[in-house]
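Visitor: Can you look at this prediction? I've put the sequence above it.
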Amino acid sequence: MSEKVKYTTYLAGAIEHVSNKEMKSWRDEFKEKLNSPDLLIYDPVAQESSKVGKLSGKQVEYIAGLKRSGNWKLFYEEMWKIWFGGIAKNTDIMQLLNNLRMRKYIDGNTEEDLKYWGDAEAVVRADFIIIYMPKNVKTVGTIWEEVFAMLFRIPIYLILPDCSKTEANSTLIFGDQIANNGNEPITFYSINECVKYIKENHSMNLIEEEKKDKK
């Protein structure tokens, strides 16, 4: 049986309308720089692939094909798998999100859980989420994830790699503030800044630092 982890986070950023490199590189960098046995990282690029049986880029192409062919029933099925996994489709969404949030406190989170969660569950069971939002990237899924986090006041750490928070979309920044209880939005301009903040504000063992100590 997997052990419960101390913290869980979700890596929110564009998957559709971006290249494979843009989809994966920042997530891979984050996972490398914040490698800890105390932190469970839900990477939707990896986790969605395991649920639908295709690499994320291929799944995006497949879903686009379903739209073009008008196969809306199968489109709905495939999108439901990504967002809600194996949960029944007639479920009341608001009640579902509340129940999933409570499961975090009742059961805790383990690495074994990842293969069962849809993206929505991964967000609402997180202790904080990371949003990576370049200025000109088109994404709706990331906004959904911000809204889910905002509804439960789950802290949002927003990375703006190519614009300032005063230039960023106002509703994006407002959602960050709501999640952070109306305080100044927690924003960063690089992955390094965000990683540094997490290390300073969350007590966790870091594998890289443990290796250095043993040398």
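Guide: In hand now; what should we look at?

Visitor: Can you tell me, leaving aside adjacent residues, what's nearest to residue 14?
Guide: Once flanking residues are discounted, residue 14 sits nearest to residue 139: 3.8 Å by C-beta to C-beta, 6 or more residues apart in numbering. Yep, even glycine has a C-beta here, placed from its N, CA and C like the rest.

Visitor: Tell me if I'm right that the one you found and residue 22 touch.
Guide: No - using C-beta atoms under 8 Å, residue 139 is not in contact with residue 22; the gap is 10.7 Å.

Visitor: Quickly list what's touching both of those two.
Guide: Listed as contacting both residue 139 and residue 22 by C-beta atoms under 8 Å, 6 or more residues apart in numbering are residue 14.

Visitor: Correct me if wrong, but the residue nearest to residue 14 is in a helix.
Guide: No - secondary structure assignment (DSSP: H, G, I helix; E, B strand; the rest coil) places residue 139 in coil, not in a helix.

Visitor: Please name the residues that touch residue 135.
Guide: Residue 135 makes contact with 160, 162-163, 167-168 under the criterion C-beta under 8 Å, 6+ apart.

Visitor: quick one: what helix or strand has it in it?
Guide: Counting by DSSP states H and E, no helix or strand carries residue 135.

Visitor: quick one: it from residue 13, how far?
Guide: Relative to residue 13, residue 135 is positioned 13 Å away (C-beta to C-beta, to the nearest Å).

Visitor: Same check on residue 81?
Guide: Look at residue 81 and residue 13: by C-beta to C-beta, they are 20 Å apart.

Visitor: When residue 139 and residue 22 are compared, which one has more neighbours?
Guide: Legend: neighbour count by other C-beta atoms under 10 Å for residue 139 and residue 22, higher for residue 139 (19 against 15).

Visitor: Quick check on the more buried one: phi, psi?
Guide: Residue 139 has phi and psi values of phi -150, psi 140 when expressed as degrees, to the nearest 10.

Visitor: ok, which stretches of this structure are helices?
Guide: 20-33, 44-52, 56-69, 72-84, 93-107, 119-124, 141-151, 170-179, 191-201, 207-214 (DSSP state H).

Visitor: Return the most buried member of these.
Guide: With neighbours taken as mean count of other C-beta atoms under 10 Å, the helices of the chain reach their highest mean count in helix 119-124, at a mean of 26.

Visitor: Quick one: list the elements packing against that one.
Guide: When contacts are defined as 3 or more C-beta pairs under 8 Å, 6 or more residues apart in numbering; DSSP states H and E, helix 119-124 sits against strand 7-12, helix 44-52, helix 72-84, helix 93-107, helix 141-151.

Visitor: Excluding sequence neighbours, find me the nearest residue to residue 30.
Guide: residue 191 (5.5 Å).
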